Structures are given as structure tokens and as C-alpha cells.
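>>> Quick one, what's the 3D model for this:
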Amino acid sequence: QVQLVESGGGLVQAGGSLRLSCVGSGWTFRSNTVGWFRQAPGKEREFAAAITWNGGTTKYSDSVKGRFTISRDNAKNTVYLQVNSLKLEDTAVYYCAVAKYLAPVPTTVPRDYAYWGQGTQVTVSS
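Below you'll find the predicted structure:
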């Protein structure tokens, strides 16, 4: 069983930045792709970014590309999501998740992820 704990969310003005952290437990976390997803009120959970186990490959949704950066430090069992140039539409609960399967390219599909954290709220104000 993998436990995931997200932190770093908060209230920020449009154009601001935050760094989200996802701390995981165990070998499964260090050896698998980790993704960040987000869910706004009344909307489906959507993919934001993901990173392979060694950080060698990253993937971003078109809506966050160029503004968000995912990275990981396996020695600290932590995956980060640096979110810059925040927009009102980035307001959501942000979740990290660990993929079910190893793959050379990170999957963007929520059902391909086995373990999920409780989420951290990001609210962007005008």
C-alpha cells in the first residue's frame, strides 16, 4: 500500500506561484510514474503533469505546459509541482497519484493510476 500526502496549496493572486509537494511511501512510489491531476468544482478530474520513476520523461497537459514544472527527488520520496503564472481557471483540488504500470511515457489517464492522495486546494483570485 502506498500512502501519498500532498501539501503546498493555498490562496494566491492571478499571476502568482506555488510549489506543491507529494510525499509518498515505499519502493512503489520511488519506482513508478507519479502524476498530478486536478479537479475543479463540477468538473471531471483532469491530468496536469506526470514524471517517470527516474525523472527522465515528463508530460504536461496543453493547459499547463510552459507554466507548470514537475520534478522528483527519490531520496526524499517527494514529487513536486511548481505552478507559475497561475490563472483563475487553475483553481482546483490538486491530487498526486502513482501509476499502476511501468511505461516509458507517463500515462495521462486517471484509471491507470492506482494510489491517490487526499488532495491540496489551490485557489486563484483576481
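>>> Now do the helices in this structure.
Here the chain has its helices, by DSSP state H, at 26-30.
>>> So for the lowest-mean-pLDDT helix or strand in the chain, what gets flagged as buried?
The weakest-scoring helix or strand in the chain, judged by mean pLDDT, DSSP states H and E, is helix 26-30 (a mean of 88). For helix 26-30, burial by neighbour count (16 or more other C-beta atoms under 10 Å) applies to 29, 30. (C-beta placed from N, C-alpha, C; glycine too.)
>>> gap between it and the chain center?
With C-alpha atoms, centre = their mean, to the nearest Å as the basis, helix 26-30 stands 16 Å off its chain's centre.
>>> And for stretch 17-34?
With C-alpha atoms, centre = their mean, you get 9 Å for stretch 17-34.
>>> For beta bridges, what are the partners of residue 18?
Going by DSSP bridges, residue 18 is paired in beta bridges with residue 83.
>>> can you count the residues close to it?
By other C-beta atoms under 10 Å, 19 other residues sit near residue 18.
>>> quick one: it and residue 124 touch, right?
No: judged on C-beta atoms under 8 Å, residue 18 makes no contact with residue 124 at a distance of 9.4 Å.
>>> Could you list the low-pLDDT ranges of this protein?
Residue ranges of the chain with pLDDT under 70: none are present.
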